[in-house]
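Trainee: Sequence first, predicted coordinates after that:
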Amino acid sequence: MGLNEKPLSTLHEKASYDLADFEVPNGREEAWRFTPLSRLKGLHNGKAAPGGQVAVHVRAPEGVQAEWVGRDDSRVGAAYVPADRVSAQAYASFDKALVVSVPKEAELSEAIWIDVKGNGGEGAAYGHVVVEVGPMAQATLVIEHSGSAVYADNVEFVVGEGATLKVVSLQEWDDDAVHVSHHHARLAKDATFRGFVVTLGGDLVRLSPSVAYTAPGGDADLSGVYFVDAGQHLEHRLLVDHSQPNCRSNVDYRGALQGEAAHAVWIGDVVIRAEAEGTDTYELNRNLILTDGARADSVPNLEILTGEVAGAGHASASGRLDDEHIFYLQARGIPYEEARRLVVRGFLGQLVEKIEVEEIRERVLAAVEAELSR
Amino acid sequence: MSTLEIRDLKVAVEDKEILRGVNLTVKAGETHAIMGPNGSGKSTLAYAIAGHPKYTITGGQVLLDGVDLLELSVDERARAGLFLAMQYPVEVPGVSVSNFLRSAVTSVRGEAPKLRQFAKDLKAGMDALSIDAAFAQRNLNEGFSGGEKKRHEILQLELLKPKIAVLDETDSGLDVDALRVVSEGINRFRASADTGVLLITHYTRILRYVKPDFVHVFAGGRIVEAGGPELAERLEAEGYEQYTKVSA
Ligand SMILES: Nc1ncnc2c1ncn2[C@@H]1O[C@H](COP(=O)(O)OP(=O)(O)OP(=O)(O)O)[C@@H](O)[C@H]1O
Ligand SMILES: [Mg+2]
């Protein structure tokens, strides 16, 4: 268990809508020890002045309802209760929540797009989004983050019985942005969730995707790619809580790092509770460290409280480019820089291939190329 | 007409001296076979010429048409006209065969091939080596069988058209049919232009298809005997025992 003396299953138990229930973190807590608090611009200690300018636009295909509601709307906070200080701060501070509803049995021909754009300004901004997918419906959602902002938000994905929700979340922030976000998916019976995260921009991004199941048969796939440049801190904290029998989860995150003080953090928490018999789970994180001065912290945690699992495993590997790969390509005349580009692009590309929105897939590959030729 | 000249080449791996002064000249139009026992340094010779970072050159020269290859980076050597078919081709995840080949051909020729022409050449090359078209979309060498990897090495040889090819045990792990297919590929390459071949092998069976002009016996990190094709037959009959004793 290392530094973390408490079992994983109890770590996330504290959850509340009330900011006062969370102490200001000091950086020694398990949940905060990797995050440079001084760069959070006060999101964690109540000192962030309000007034940040973040514009959220939604483009919903026909049949999908998108509305802005007050915090008294019963759907807000129904699926997710904030589990840390910044999440609670966001919950306490947002003005209107965006609720997007996909009716039952709908099969959307186009993706829903939510565009989150930071327009700078002094101070922080907060958001809240709820995406509900009715029973047996199928939907794809793209969330794009860009511009400059200090932004904390909570996003709830409520996936109905037999429904499928595919989400691509792109963090393409400007260099100075700070973004702390929770993406929580709650899966009903036989629901399918595909979450794909792409984090490229921002000074500090801390994204916590989590999954909970309310009934058997849920299937969650969480993937992510990130490219960390000099000075960037990109942190992904995953939590899959298997509390129902016969559910499945698969986590695969890959990152490349280059430049002085490029820092990636990946935490993969998976709990299989006593009642979650027949769980099938695997989590994987791989980091490619391209230069000196870059650092990847990768911590998979798997806590199994039942004797009856269908499969459970985790793996984590961080390392340099493989000399043998580079040699082979160079031995065929390919110059070093291009060989490196091919290998890194291949490493991330294998995952990017899984993005089902073609436009996004190509954009992400192009963005990776651009990062590599910087 | 190209010439590869290896002069008194000495190579160490992790401070252990492996090659102890290798002298060999391969001219365009010639095929040289190098035969020798396991661990005698044959692959070390091949990798050192190609520039693998694991090998430290402690002495000597390797000249391709007068240019010292040892002064060049790995990719520069390849672009200068050297090709190494590896004994154990490396698996490169996420890089497709077609993408890789296009990058390699572009680099070696100095310009991107016309897409349609390239697709045609690739298809023809794969057909000739009985490689299924589906391999073009697979990741480079990933999950390939030993024989499939060797065929792909020869496919690259034919597409890249080097001046001098070093083939490190391209015959090992091949069944009879694959051996024939691969040998035909090497022969096509030999016939296609004025090229030199340095063929490293343990067995005479490939030499029945790819006829060498010279045979060298390699033992203890150097060439200990040289002769014509008849030397290969003698090695087949007598083994390397007499040489390993000498070098031990
Ligand atoms: N990393 C290393 N460290 C120490 N010794 C090494 C290393 N790599 C190779 N060697 C040694 O170098 C010697 C020559 O190896 P090499 O692979 O060149 O032989 P070879 O003639 O190609 O053998 P084979 O017929 O089995 O392919 C061997 O004794 C081998 O153990
Ligand atoms: Mg060898």
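Mentor: Yes, it's here. Numbering: from 1, shown residues only, chains lettered A, B, ... in the order given. Ligands and ions are numbered 1, 2, ... in the order given.

Trainee: Point me to the residue of chain B nearest chain A.
Mentor: Using CB to the nearest CB, the closest approach of chain B to chain A is made by B:Gly94 at 2.4 Å. Heads up, the C-betas are built off the backbone N, CA and C, glycines and all.

Trainee: That residue: which element?
Mentor: Here B:Gly94 sits within strand B:92-96, counting by DSSP states H and E.

Trainee: Give me the sheet partners of that strand and which way each runs.
Mentor: Strand pairing for strand B:92-96, using DSSP bridges, gives strand B:139-140 (antiparallel).

Trainee: quick one on the thing from earlier: and the gap between the residue of chain B closest to chain A and ligand 1?
Mentor: 27 Å (CB to the nearest ligand atom, to the nearest Å).

Trainee: How about A:Arg361?
Mentor: A:Arg361 sits 41 Å away from ligand 1, taking CB to the nearest ligand atom as the criterion.

Trainee: Just give me the neighbour total for A:Ile289.
Mentor: 20 (other CB atoms under 10 Å in any protein chain shown).

Trainee: typed the wrong thing, it's A:Lys354
Mentor: A:Lys354 has 14 neighbouring residues, counting by other CB under 10 Å.

Trainee: I'd assumed A:Phe196 was in contact with it.
Mentor: Yes. Using CB atoms under 8 Å, A:Lys354 makes contact with A:Phe196 at a distance of 6.8 Å.

Trainee: which residues do these two both contact?
Mentor: A:Ser223 (CB atoms under 8 Å, 6 or more residues apart in numbering or on different chains).

Trainee: one step back: contacting residues around the strand holding B:Gly94?
Mentor: Counting by CB under 8 Å, 6+ apart, A:325, A:328-329, A:342-343, A:345-350, B:100, B:136-142 sit against strand B:92-96.

Trainee: Show me the residues you listed that map onto helices.
Mentor: A:325, A:328-329, A:342-343, A:345-350, B:100 (DSSP state H).

Trainee: Same list (those residues) but as CSV, adding neighbour count and pLDDT.
Mentor: CSV is the format used below for the ones in helices among the contacts of strand B:92-96 (neighbours: other CB atoms under 10 Å in any protein chain shown; pLDDT from 0 to 100):
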residue, neighbour count, pLDDT
A:His325, 22, 96
A:Tyr328, 25, 98
A:Leu329, 29, 98
A:Leu342, 24, 94
A:Val343, 23, 95
A:Arg345, 20, 93
A:Gly346, 19, 94
A:Phe347, 24, 95
A:Leu348, 25, 95
A:Gly349, 21, 93
A:Gln350, 16, 92
B:Phe100, 24, 97
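
Trainee: Pick the one among the residues you listed closest to ligand 2.
Mentor: Ligand 2 has its nearest neighbour among the ones in helices among the contacts of strand B:92-96 in A:Tyr328, at 16.0 Å by CB to the ion.

Trainee: what residues are up against that closest one?
Mentor: B:86, B:89-90, B:92, B:140.

Trainee: Which of the residues you listed has the largest number of neighbours?
Mentor: Neighbour counts for the contacts of A:Tyr328 peak at B:Leu140, which has 26 neighbours (criterion: other CB under 10 Å).

Trainee: residue contacts, it?
Mentor: Taking CB under 8 Å, 6+ apart as the test, what B:Leu140 contacts is A:328, B:91-92, B:95-97, B:100.

Trainee: and of those residues, the nearest to B:Leu167?
Mentor: Nearest to B:Leu167 among the contacts of B:Leu140, counting by CB to CB, is A:Tyr328 at 15.5 Å.

Trainee: mind showing which ranges of the stretch 1-150 of chain A have poor pLDDT?
Mentor: Applying pLDDT under 70 to the stretch 1-150 of chain A flags residues A:1-6.

Trainee: returning to what we had before: switch the contacts of A:Tyr328 over to TSV; also include pLDDT.
Mentor: Shown next, in TSV, are the contacts of A:Tyr328 (pLDDT from 0 to 100):
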residue	pLDDT
B:Met86	95
B:Pro89	95
B:Val90	95
B:Val92	95
B:Leu140	97
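
Trainee: Adding distance to A:Gly118, write those out as a markdown table.
Mentor: Putting the contacts of A:Tyr328 into a markdown table (distance: CB to CB, whole Å) gives the following:
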| residue | distance to A:Gly118 |
| --- | --- |
| B:Met86 | 50 |
| B:Pro89 | 48 |
| B:Val90 | 44 |
| B:Val92 | 39 |
| B:Leu140 | 41 |
